[in-house]
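*Asks:* sequence and predicted structure, then a few things I'm wondering about:
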Amino acid sequence: MKFNEQVTRIEPSPLRAFNDMAHKEGAELFLTLGEPDFHTPQQVKDACGVALENNKTFYAPTMGVAELRREISAFEKKLNGVDYDENEIMITTGSTEAIMSALFAVVNEGDEVIVPVPAFSMYKPVIELCKGRYVELNTAPDNFQITEKALASVVSDKTKAIILTSPNNPTGTILDEKSLLNVYEQVKKRDMFVICDECYNQLVYNERRPGFVRFQDLREKIVYCQSFSKPYAMTGWRLGYMMASKEFIEQAFKVHQYTTVCANTFIQYAAIEALRFDPAPFVEEYRKRRDYCYDRLVAMGLDVVKPEGAFYIMPNISKFGMSSMEFCTRLVKECKVAVIPGVCFSAEGYMRIGYCVSMDTIVKALDRLEKFVAGLEKKCA
C-alpha cells in the first residue's frame with residue numbers, strides 16, 4: 001500500500017527520538033525538553049474547575065470563546081502596543097497548530113519559506129508537508145542575528161514567508177533592532193509573510209521590547225502565533241492563538257476548522273485567568289539558572305552566547321572534532337546526562353541545554369559535563 005509521499009519523506013521529531021534514546025540508555029539527568037518545571041498557577045487551575053462546574057464542556061466556537069479573544073486583544077495591546085480586535089484572533093490547540101494553520105494557508109507547491117537557523121525542528125517538516133521548500137538562513141556566524149547580506153542571499157522570487165522566533169529556541173537569543181529592520185526592508189518590497197512564533201516573548205531577562213509585530217504598516221503580512229505553554233507553565237493544556245488580518249484569519253480558519261474543529265472549551269475559560277497572571281517570578285528563577293549555566297560553561301572553556309530570553313543555552317562544541325550527535329550520545333552513555341544535539345536544530349557543532357529544570361539537576365548535570373569536557377580536552381591536547 002502506498003502512503004502520502006509527503007508524509008513518508010519526513011521523520012518523527014529528532015528531539016523526541018533523542019530524548020527517548022536517552023531514557024533507554026538509562027540517563028539520570030535530563031536537560032532536554034522545553035517544559036517548565038513549575039506547576040500551572042493555582043488561579044488558572046481554579047478557573048478551569050469553575051468552568052467545568054458551569055458545564056463549559058460543549059463545542060466552543062471555531063474561532064474560540066469570545067471572552068478569551070477579547071481578553072487577548074486587551075492583553076496584546078498592553079504588552080505589544082498592537083490593536084487586533086476579536087475577529088482577528090483565533091484560538092488554537094497550542095502555537096504548533098497556529099503555525100501549521102498559517103503555513104498551510106499560504107504555502108503553495110514550490111514556494112520557499114526562510115527559516116533562520118538554529119531553529120525549532122517542527123518548521124521544516126511542516127513546510128515540506130505543504131510541498132514548500134525549506135530555506136535555511138544560517139545565523140550562527142553572526143551571533144544568531146540576521147544580517148542584511150545573509151538575508152539577501154536566501155531571498156528569491158519564490159520566497160513566500162519567513163519564520164521569526166524571538167526569543168529563539170534553541171539559542172535564547174532575541175533578534176536585535178538591526179535584525180528586525182533587515183527583515184522589514186525585505187518584506188516591505190515583496191509579496192511575502194512574516195510568521196512570528198512568539199511563544200517565549202514573556203520570558204525575557206532584560207528590558208522587554210515588542211518584536212516584529214510592532215511594524216503595523218506591514219499588518220497584512222504579519223502572522224503572530226502565541227502559546228500559553230511556556231510563560232504560564234501550561235504545556236499539557238495545549239492552548240495558543242493566532243493574530244492576523246481578517247483576510248488571513250479567514251483562510252487559516254478553514255485549516256483550523258478541518259483540523260481540530262475548535263480548541264478545548266473549558267481550558268479557554270482558564271486561559272482568561274492565565275492572562276491575568278504575572279510570570280515575573282518564573283522569569284527571575286530562569287534568570288538565576290541562566291546565569292549559573294552561562295558562568296559554568298564559560299569556565300569550562302566553551303564558546304557560548306549568553307541568552308536574553310527563553311530557557312535554553314547553546315554552547316559550541318565543534319572544537320572536540322566530533323558531530324553533535326556523537327558528543328551528546330557519548331554524554332548520555334558515559335555520564336548519564338541528556339542534552340539535545342545541535343543537528344536537531346540545523347546547528348551542527350552545538351548542543352542545546354534546557355535550564356527549565358531544578359537547580360539541583362542543573363548543578364549535577366554540569367558537574368558531570370565539566371568532567372566529560374575536561375577528559376576530551378586532555379585527549380585533544
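*Replies:* Nice, thanks for sending it over. Residues are numbered from 1 along each chain as shown.
*Asks:* just checking, Glu97 touches Gly240?
*Replies:* Yes. Counting by Cβ atoms under 8 Å, Glu97 does reach Gly240; the two are 6.8 Å apart. No exception for glycine: its C-beta is placed from N, CA and C like everyone else's.
*Asks:* check whether Ala98 really touches Tyr241, as I assumed.
*Replies:* Yes. In this structure, Ala98 sits in contact with Tyr241. The criterion is Cβ under 8 Å, and the distance is 6.5 Å.
*Asks:* could you pull out the strands for the stretch 101-250 of the chain?
*Replies:* Secondary structure of the stretch 101-250 of the chain by DSSP state E, counting those that start in this stretch: the strands cover 112-117, 133-138, 159-165, 193-197, 222-227, 240-243.
*Asks:* could you redo those as JSON lines and give each row mean neighbour count?
*Replies:* Compiled in JSON lines, the strands of the stretch 101-250 of the chain are given as follows (neighbours: other Cβ atoms under 10 Å):
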{"stretch": "strand 112-117", "mean neighbour count": "24"}
{"stretch": "strand 133-138", "mean neighbour count": "17"}
{"stretch": "strand 159-165", "mean neighbour count": "24"}
{"stretch": "strand 193-197", "mean neighbour count": "25"}
{"stretch": "strand 222-227", "mean neighbour count": "26"}
{"stretch": "strand 240-243", "mean neighbour count": "26"}
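*Asks:* so can I have JSON lines of these showing distance to Arg276?
*Replies:* Formatted as JSON lines, the strands of the stretch 101-250 of the chain follow (distance: least, Cβ to Cβ, whole Å):
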{"stretch": "strand 112-117", "distance to Arg276": "33"}
{"stretch": "strand 133-138", "distance to Arg276": "37"}
{"stretch": "strand 159-165", "distance to Arg276": "26"}
{"stretch": "strand 193-197", "distance to Arg276": "23"}
{"stretch": "strand 222-227", "distance to Arg276": "16"}
{"stretch": "strand 240-243", "distance to Arg276": "16"}
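*Asks:* contacts made by the longest helix seen in the chain with the rest, please.
*Replies:* Using DSSP state H, we find that the single longest helix of the chain is helix 359-380. Helix 359-380 is contacted by residues 29-31, 288-289, 292-293, 296-297, 299-302, 319-321, 330-331, 334-337, 339, 355 when judged by Cβ atoms under 8 Å, 6 or more residues apart in numbering.
*Asks:* buried subset of the residues you listed?
*Replies:* The neighbour-count test (16 or more other Cβ atoms under 10 Å) applied to those identifies 29-31, 289, 293, 296-297, 300, 302, 320, 331, 335-337, 339, 355 as buried.
*Asks:* which members of those residues are positioned in helices?
*Replies:* Using DSSP H, the members of those that fall in helices are Arg289, Cys293, Arg296, Leu297, Leu331, Cys335.
*Asks:* where's the third one relative to Ala347, distance?
*Replies:* In this case it means Arg296. Applying Cβ to Cβ, to the nearest Å, one obtains 21 Å for the distance of Arg296 from Ala347.
*Asks:* no further questions, thank you.
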